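Q: Take this sequence and fold it.
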Amino acid sequence: MRYLILLLSLAGVLVSVQALRGHYATETEPCSISERLDCDTVNHSSYSEVFQVPVAAIGIGGYLLLAILALFRRQFMLTVAAVVGLIFSLHMTGIEWDLLNMWCLYCAISQALIALIVLFSAIWLVRWEMEKNSEKSNVRRLTENAMKK
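A: Here you go, the predicted structure:
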């Protein structure tokens, strides 16, 4: 599970790098396909930065953090960070939908990646907790059996 999350996080970094390139690009992006699917409009809008930091750069940092947490098996912190990332992504999607009336292909791919990371990190966390509790039960049972003898 760890390597799958790591792979998804690195894919998120790549997508965010492409979106960051689009943020600073002056030419038309290849994902500017129609009047409703236009990365240029989204990436150059006033909503494409938070405190003058491009949202794509925040994405790069977030995905790198998720990769590091997965690499070091920090299941709980990974799950919390992924949920925060998903909430942020959903907020940005709401802006695209409600305010810009536009979709960004990079953003949609990123949202799918973070949703998968949330799903897999939650599964990994639950499995890890179950294994931990099972080991505690086994130790308790062995201790009780040893005391009976």
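Q: residues contacting F88?
A: 58, 62 (CB atoms under 8 Å, 6 or more residues apart in numbering). C-beta coordinates here come from the backbone N, C-alpha and C atoms, glycine included.
Q: Helix, strand, or coil at it?
A: helix (DSSP: H, G, I helix; E, B strand; the rest coil).
Q: What separation is there between it and M1?
A: As for F88, its distance to M1 is 23 Å (criterion: CB to CB, to the nearest Å).
Q: just the helices in the protein please.
A: Counting by DSSP state H, the chain has these helices, from start to end: 2-24, 39-43, 55-71, 75-95, 105-148.
Q: between the first one and helix 55-71, how many degrees?
A: The one in question is helix 2-24. 170 degrees (axes from the mean of the first three to the mean of the last three CA atoms, to 10 degrees).
Q: and helix 2-24, which residues are buried?
A: Neighbour-count burial for helix 2-24 flags 2, 5-6, 8-9, 11-13, 15-20, 22-23 (criterion: 16 or more other CB atoms under 10 Å).
Q: low-confidence ranges in this protein?
A: 29, 32, 135-149 (pLDDT under 70).
Q: Centroid-nearest residue for it?
A: What sits nearest the mean C-alpha location of the chain, by CA atoms, centre = their mean, is I114, with 3.1 Å.
Q: thought that residue was touching A82?
A: Yes: taking CB atoms under 8 Å as the definition, I114 is a contact partner of A82 at 6.6 Å.
Q: circling back: and the buried residues of helix 2-24, which is closest to D40?
A: Nearest to D40, judged by CB to CB, of these is G22 at 6.9 Å.
Q: Report the contact partners of the closest one.
A: Contact analysis of G22 by CB under 8 Å, 6+ apart lists 29, 31, 39-40, 43, 56, 106.
Q: What of S45?
A: With contacts defined as CB under 8 Å, 6+ apart, the neighbours of S45 are L100.
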